[in-house]
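1. Sharing a model prediction with you, sequence too.
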Amino acid sequence: MTSATHADLLKNHLRPAIKSKRRGRMSTGVLLQNDNARPHTASSNVAIIQELSFECLPHPPYLSDLATSDFYVFVSLKKTVFRSDEEVQHAVYKWLRSQPKECFSRGKRALPKRWNICRERNGDYIEK
């Protein structure tokens with residue numbers, strides 16, 4: 001992802017989706033959890049985040065323990081060896097469709113606890 005792609009995602013996809021699906025959320029505040037990837041920290045994107053009145057949570061250097069997709073969403077898929085991109089896409093699609101609606105809210109609720117553990121351990125990985 002480039003910084004231009006990230007900017008487009010924020011302005012033309014995320015913001016309209018929040019406005020239509022979470023009415024009132026724009027006025028109460030939006031918290032973003034971006035990692036420290038270059039597109040997320042580019043000065044142009046930091047300016048866009050401020051322009052949109054989003055608040056970006058501080059994030060230490062990349063930690064898989066805090067990447068929701070790594071510690072919660074796709075943990076079961078990590079155990080599989082895929083032979084092609086198509087196999088990965090099919091497995092992800094099948095897995096996503098099989099999850100109950102509350103699956104993703106459980107992952108989000110688990111994040112603050114993991115964040116605190118990472119902070120207490122000064123960024124060391126959480127032992128499983």
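-> Now that the structure is in, tell me what you want to look at.
2. Give the buried residues for stretch 22-32.
-> Applying a neighbour-count criterion of 16 or more other CB atoms under 10 Å, one finds residue 30 buried in stretch 22-32. All C-beta atoms are positioned from the backbone trio N, CA, C, and that covers glycine.
3. So what touches it?
-> By CB atoms under 8 Å, 6 or more residues apart in numbering, the list of residues contacting stretch 22-32 from outside reads 15, 18, 19, 49, 52, 53, 54, 55, 56, 57.
4. Give me the buried subset of those residues.
-> Applying 16+ other CB under 10 Å to these flags 15, 18, 49, 52, 54, 56 as buried.
5. Verify the contact between the first one and residue 52 for me.
-> Yes - with contact defined as CB atoms under 8 Å, residue 15 reaches residue 52; the gap is 5.8 Å.
6. got the residue ranges for the helices in this structure?
-> Secondary structure of the chain, counting by DSSP state H: helices at 3-8, 15-21, 25-28, 38-41, 43-51, 68, 85-98, 103-120.
7. So what's the model's average confidence on stretch 33-45?
-> The pLDDT scores in stretch 33-45 average 80.
8. oh, I was asking about stretch 88-97
-> Rounded mean pLDDT across stretch 88-97 is 87.
9. about what we covered before: could the helices of the chain go into JSON lines alongside distance to residue 77?
-> Listed next are the helices of the chain as JSON lines, based on distance: least, CB to CB, whole Å:
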{"stretch": "helix 3-8", "distance to residue 77": "24"}
{"stretch": "helix 15-21", "distance to residue 77": "25"}
{"stretch": "helix 25-28", "distance to residue 77": "30"}
{"stretch": "helix 38-41", "distance to residue 77": "24"}
{"stretch": "helix 43-51", "distance to residue 77": "29"}
{"stretch": "helix 68", "distance to residue 77": "14"}
{"stretch": "helix 85-98", "distance to residue 77": "6"}
{"stretch": "helix 103-120", "distance to residue 77": "13"}
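10. CA atoms only: put stretch 78-98 into CSV for me.
-> Written as CSV, here are the backbone C-alpha positions of stretch 78-98 (Å, rounded to 0.1, in the frame of the first residue of the first chain):
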residue,chain,number,x,y,z
LYS,A,78,-1.5,-19.5,10.0
LYS,A,79,-1.3,-23.3,10.7
THR,A,80,-2.1,-24.1,7.0
VAL,A,81,0.4,-24.3,4.2
PHE,A,82,-1.0,-22.8,1.0
ARG,A,83,0.3,-23.6,-2.5
SER,A,84,-1.1,-20.6,-4.3
ASP,A,85,-2.6,-17.1,-3.8
GLU,A,86,-6.0,-18.6,-4.9
GLU,A,87,-5.9,-21.1,-2.1
VAL,A,88,-5.2,-18.3,0.4
GLN,A,89,-8.0,-16.2,-1.0
HIS,A,90,-10.5,-19.2,-0.9
ALA,A,91,-9.5,-20.1,2.7
VAL,A,92,-9.8,-16.5,3.9
TYR,A,93,-13.2,-16.1,2.2
LYS,A,94,-14.5,-19.4,3.6
TRP,A,95,-13.2,-18.6,7.1
LEU,A,96,-14.7,-15.1,7.1
ARG,A,97,-18.1,-16.4,6.0
SER,A,98,-18.1,-19.1,8.7
